[in-house]
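Coordinates for the following, if possible.
(one chain, ligands or ions: 1)
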Amino acid sequence: MDAASEVIVNSSPPKKIKVEGIHGTPSSGKAVNTPRSDYLGWDEYFMAVAFLSAQRSKDPNSQVGACITNNEKKIVGIGYNGMPNGCKDSDLPWGKTDNWLESKYPYVCHAELNAVLNKNSSDVKGCKIYVALFPCNECAKVIIQSGIKEVVYYSDKYYHKPTMVASKRLFDLAGVTYRQYVPEKKKITIDFSVIDPDVQPTGSGNDQNHRL
Ligand SMILES: [Zn+2]
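Prediction:
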C-alpha cells in the first residue's frame, strides 16, 4: 500500500462544540441548525471502509480491503486479505519468495474473495465492489461469477502485470465496468476523542498512526 494512503486514528485535537440552547450557536459562532457540508461522499465513504478493513490484515507487506455495496448504497460485504479460516496465521508463510509453496501466494485469500464470501445478503448481483488495488485475475473471476457489475478501485499500480491484464480482459468480456476513484483528500482522520475527549485510550501512546 502506498504511503500516500493513510487512515489516522487519534491524530488531531478533539473538536469541542458547545451548544447553547435549542437555537444556540457553538463557541465558534457557527449556526448549529444547518447540516454539515464537509461530510463524506458515498465513494469516499465506501473506499474508506475498504481501507479501514485493510487494517485488520496481518500481511506484513500488503494490506488490502474491499467493500461491496448494493444499489441502495448499503454495505453488504467487507473483506481483507488473510489466511483461510482455521489456518493459524503463524503456521503459514507470509513472504513473497520465488519458492511458491513457501510463499504466501498459494494460501492467502484476497480481500475481494473474502468480501464476497462474507456477504450478509443472499447474493451480490448488481453490486459494486470498492477495492484499494485493482483486482487480480483470480478475484476477477470471483467478482464476475458473483454477479458484481462494477469495480471501483483506488490504485492500478500493478497494471503491467499479466494478472491485471488478464483481469481486465475478463471484465471487458463479462461486461463488468471498472473505474478509478481518486478522493479529494489524501487522508481521512478517525478521531475517537471527538465524541468524548475524556475517554482515555488504553494504549501507552496518545496517538497511533496506522499506515496502510
Ligand atoms: Zn486477488
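
Quick check: bridge partners of the nearest residue to residue 75 once chain neighbours are set aside?
Distances taken as CB to CB, 6 or more residues apart in numbering place residue 69 nearest to residue 75, at 5.6 Å, with adjacent residues excluded. Every C-beta, even on glycine, is put in place using the N, C-alpha and C of the backbone. Per DSSP bridges, residues listed as beta-bridge partners of residue 69: residue 75, residue 128.

For stretch 37-49, give the mean pLDDT please.
The average of the pLDDT scores along stretch 37-49 is 94.

Off-centre distance for it?
Put simply, stretch 37-49 sits 11 Å off its chain's centre (CA atoms, centre = their mean, to the nearest Å).

Could you do stretch 47-59 as well?
On CA atoms, centre = their mean, the centre of stretch 47-59 falls 5 Å from that of its chain.

Flag every residue of this structure that's near the ion.
110, 136, 139 (CB under 5 Å from the ion).

Please tell me I have it right and the first one contacts residue 138.
Yep, that's residue 110 we're talking about. Yes: contact criterion CB atoms under 8 Å: residue 110 and residue 138 qualify, at 7.0 Å.

Tell me which of the two has more neighbours.
residue 110 (21 against 15; other CB atoms under 10 Å).

can you tell me which residues contact the most centrally placed residue in the chain?
Closest residue to the average C-alpha location of the chain: residue 50 at 1.2 Å, with CA atoms, centre = their mean. By CB atoms under 8 Å, 6 or more residues apart in numbering, residue 50 lies in contact with 65, 66, 67, 78, 111, 130, 131, 132, 154.

Then it would be within a strand, right?
No: counting by DSSP: H, G, I helix; E, B strand; the rest coil, residue 50 falls outside a strand, being helix.

And it, how close does it get to residue 198?
32 Å (CB to CB, to the nearest Å).

now do residue 140
In terms of CB to CB, residue 140 sits 48 Å off from residue 198.

circling back to that earlier point, so the residue nearest to residue 75 touches residue 76, yeah?
Yes: with contact defined as CB under 8 Å, residue 69 counts as touching residue 76 (6.7 Å).

more neighbours, the two?
Neighbour count, other CB under 10 Å: between residue 69 and residue 76, residue 69 has more, with 23 against 20.

How about the contacts made by the more buried one?
Counting by CB under 8 Å, 6+ apart, residue 69 has contacts 46, 75, 76, 127, 128, 129, 130.

again, only this time at 7 Å
Counting by CB atoms under 7 Å, 6 or more residues apart in numbering, residue 69 touches 46, 75, 76, 127, 128.

And for residue 111?
By CB under 7 Å, 6+ apart, the neighbours of residue 111 are 64, 65, 66, 79, 80, 81, 131.

Let's see that with 8 Å instead.
Residue 111 neighbours (CB under 8 Å, 6+ apart): 50, 53-54, 57, 64-66, 79-81, 131-132, 139.

what do you get for residue 45?
Applying CB under 8 Å, 6+ apart, no residues contact residue 45.
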